[in-house]
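Asker: What follows is a predicted structure for the sequence shown.
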Amino acid sequence: MNANGKPPHTIVQVRGLCKQFTEGEASHQSTRRILDSVNLDIAQGEFLVLLGKSGSGKSTLLNLISGIDTADSGSILIDGEDITRLNDRALTLFRRNRIGIIFQFFNLIPTLTVLENILLPVELSGSRTGEDKARDLLARVGLADRADSFPDKLSGGEQQRVAIARALINEPAMVIADEPTGNLDEETGQRILSLLLELTCRSGRTLIMATHNAEVVAIADRVCRIHEGRLVITRSRVGEGAYR
């Protein structure tokens, strides 16, 4: 229940989601099913952690929910809209405006400055009024003095902070993070996680994260594991996560 005693609003509904990949040479191809009839509801403001060994399908599920990849069958409703029915252009616009994505490898544009990287989603949406918001986000992630720097002049932790700011520039209701500290040392990774949680969970955003970090798992609202294509809920305490 939320503060008003009502059930939390469901922002994501996944039903019967299947995804498989074909592997091998043309003469010796085999099919591997990564996700097998996955069902999942995610509440507005929930912090959900996905676990699973490498290759289990964590990234695949995140890519499907974010609209980066397409499912073989099943449906994904985000705020009531079935994104599996959208064409490529509509899906791109939906993702750009409604979902913030944070990648393990940062995915910053090397020829753009820090400020330009953060502003890119705003400019792609046709707006030219986001600079004040971008500079405010830079200050919040502790990089107010690096606006004119290029990504190759930043440390890994600094690049990930820029990526977090970029993911939040359009004020998405949902943020998806795929191993956001996987390329960082432990100390830097912990600082990045604290920052990410501060800017998402405490702002009422839904956060879906694939991670192996035990401390993050301990404070999530819900923990799910993907095993042999199936999704298993291993702990659930929706709305009662420790990071509130």
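Answerer: The structure has been received and is ready for your questions. Numbering: from 1, shown residues only.
Asker: Wait, a helix at Asp41?
Answerer: No: counting by DSSP: H, G, I helix; E, B strand; the rest coil, Asp41 is not found in a helix; it is strand.
Asker: Asn117 contacts Asn107, doesn't it?
Answerer: No: applying CB atoms under 8 Å, one finds Asn117 not in contact with Asn107, separated by 9.4 Å. Glycine gets a C-beta too; all of them are placed from N, C-alpha and C.
Asker: higher neighbour count, the two?
Answerer: Asn117 (24 against 13; other CB atoms under 10 Å).
Asker: residue contacts, that one?
Answerer: Contact analysis of Asn117 by CB atoms under 8 Å, 6 or more residues apart in numbering lists 108-109, 151, 162, 166.
Asker: now those residues: which count as buried?
Answerer: Buried by 16 or more other CB atoms under 10 Å: 108, 151, 162, 166, out of the contacts of Asn117.
Asker: Taking these together, which two end up most distant?
Answerer: Using CB to CB, the buried ones among the contacts of Asn117 span at most 11.2 Å, a distance reached by Pro151 and Arg166.
Asker: between the two, what contacts are shared?
Answerer: Common neighbours of Pro151 and Arg166 (criterion: CB under 8 Å, 6+ apart): 108, 117.
Asker: Where does the residue most central in space within the chain sit: helix, strand or coil?
Answerer: Nearest to the mean C-alpha position of the chain, by CA atoms, centre = their mean, lies Ile176 at 0.9 Å. Classification of Ile176 using three-state DSSP returns strand.
Asker: measure it to Ala144 for me?
Answerer: According to CB to CB, to the nearest Å, Ile176 and Ala144 sit 26 Å apart.
Asker: quick one, what contacts Leu120?
Answerer: 109, 112, 166.
Asker: Verify the stated contact: the residue nearest to the centre of the chain with Arg98.
Answerer: No: judged on CB under 8 Å, Ile176 makes no contact with Arg98 at a distance of 11.0 Å.
Asker: Could you check how far the longest helix along the chain is from the centre of its chain?
Answerer: Determined from DSSP state H, the single longest helix within the chain is helix 186-200. In terms of CA atoms, centre = their mean, to the nearest Å, the centre of helix 186-200 is found 14 Å from the chain centre.
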